[in-house]
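> can't give you the sequence, but here's the structure:
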């Protein structure tokens, strides 16, 4: 194998791996609140208003030992209207919540979906592995589409 080819494949493989690790890293911050139950505070948020960046509302806990909150904040991408009631988990030590359930889980892994799409381009062009690239692209596209469908409908 030519040394230049080895260097190119190593660099492209490293770049693809870096993209995937970054996608998991970016997703994990939110996903851990959705996936891990344990002693996490969970409940329901009733949306009272939204700005361009986030929505606010009252929170009622469903787990014992926690107090209701007059106002909690959630990312605007939830696509809910005023008065909607959504299941949420509270980030420890804050008044910030994340959506739970299938929609919350898919939304949490959105950065990984984007990373899969980017990595597919690197794998196809730099590593010349079209089947692997198609698998990465289809997986990323499916994740993005499923997240959109669960949040929008």
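Great, that's in hand. Quick caveat, the model's predicted, so the values are computed rather than measured.
> buried residues in stretch 140-147, which are they?
Residues of stretch 140-147 classed as buried by neighbour count (16 or more other C-beta atoms under 10 Å): 140, 143-144, 146-147. C-beta: built from backbone N, CA, C; applies to glycine.
> skipping its backbone neighbours, what lies nearest residue 48 in space?
In space, and not counting its chain neighbours, residue 48 is closest to residue 57: 4.6 Å by C-beta to C-beta, 6 or more residues apart in numbering.
> wait, isn't that neighbour in contact with residue 47?
Yes - if you go by C-beta atoms under 8 Å, residue 57 and residue 47 touch, sitting 4.4 Å apart.
> let's have the buried residues of stretch 140-147 in JSON lines, adding distance to residue 73 and pLDDT.
Below are the buried residues of stretch 140-147 laid out as JSON lines (distance: C-beta to C-beta, whole Å; pLDDT from 0 to 100):
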{"residue": "140", "distance to residue 73": "29", "pLDDT": "98"}
{"residue": "143", "distance to residue 73": "25", "pLDDT": "96"}
{"residue": "144", "distance to residue 73": "25", "pLDDT": "96"}
{"residue": "146", "distance to residue 73": "25", "pLDDT": "95"}
{"residue": "147", "distance to residue 73": "21", "pLDDT": "91"}
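> now residue 80. Nearest residue, chain neighbours left out?
Per C-beta to C-beta, 6+ apart, closest to residue 80 is residue 47, 5.2 Å.
> wasn't the one you found part of a helix?
No - Residue 47 is assigned strand when assessed by DSSP: H, G, I helix; E, B strand; the rest coil, not a helix.
> give me the distance from stretch 66-73 to the chain's centre.
23 Å (C-alpha atoms, centre = their mean, to the nearest Å).
> give me the contact list for that stretch.
Residues from elsewhere that reach stretch 66-73 (C-beta atoms under 8 Å, 6 or more residues apart in numbering): 41, 43, 45, 48, 54-61, 88, 90, 95-97.
> regarding the chain, what is its longest helix?
helix 3-35 (DSSP state H).
> average pLDDT for that helix?
The pLDDT scores in helix 3-35 average 94.
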